[in-house]
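S.K.: Would you be able to build a 3D model of this:
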Amino acid sequence: MMILSKIALEKIVEKSRKASENLSKGVSSLMKKNKIDVYAVKALPEIKNNIFKIKN
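M.R.: Predicted coordinates:
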């Protein structure tokens, strides 16, 4: 069994975070291109009687 060194683990995490950031930027640019509104808020979704609502 191979044990990862702290340096190797840090590089893996850094690479993963960069990949995640690139994907997020790509999704954001596609949403802008397709004129999709984005709201940066926290909300709780709720479904009642087959109606989807967002509660703040």
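S.K.: Check which element follows the strand or helix carrying residue 26 along the chain.
M.R.: Per DSSP states H and E, residue 26 falls inside helix 6-33. Following helix 6-33 in sequence order, the next helix or strand is strand 44-48 (DSSP H and E).
S.K.: what sits up against that following strand?
M.R.: Taking contacts as CB atoms under 8 Å, 6 or more residues apart in numbering, the residues outside strand 44-48 that touch it are 52, 53, 54, 55, 56. Using the backbone N, CA and C atoms, a C-beta is placed for each residue, glycine as well.
S.K.: Give me the buried entries from those residues.
M.R.: Buried members of those, counted by 16 or more other CB atoms under 10 Å: none.
S.K.: export those residues to JSON lines and tack on distance to residue 34, secondary structure and pLDDT?
M.R.: Below are the contacts of strand 44-48 laid out as JSON lines (distance: CB to CB, whole Å; DSSP: H, G, I helix; E, B strand; the rest coil; pLDDT from 0 to 100):
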{"residue": "52", "distance to residue 34": "21", "secondary structure": "strand", "pLDDT": "85"}
{"residue": "53", "distance to residue 34": "25", "secondary structure": "strand", "pLDDT": "82"}
{"residue": "54", "distance to residue 34": "21", "secondary structure": "strand", "pLDDT": "79"}
{"residue": "55", "distance to residue 34": "27", "secondary structure": "strand", "pLDDT": "74"}
{"residue": "56", "distance to residue 34": "26", "secondary structure": "coil", "pLDDT": "65"}
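S.K.: From those residues, pick the one nearest residue 33.
M.R.: Nearest to residue 33 out of these is residue 54 (CB to CB; 24.5 Å).
S.K.: what about stretch 33-47, how long is it end to end?
M.R.: 30 Å (CA to CA, to the nearest Å).
S.K.: Report the mean per-residue pLDDT for it.
M.R.: Stretch 33-47 comes out with an average pLDDT of 86.
S.K.: any idea how far that stretch is from the chain center?
M.R.: The chain centroid and the centroid of stretch 33-47 are separated by 13 Å under CA atoms, centre = their mean, to the nearest Å.
S.K.: for stretch 9-23, same thing?
M.R.: Counting by CA atoms, centre = their mean, stretch 9-23 comes out at 13 Å from the chain centroid.
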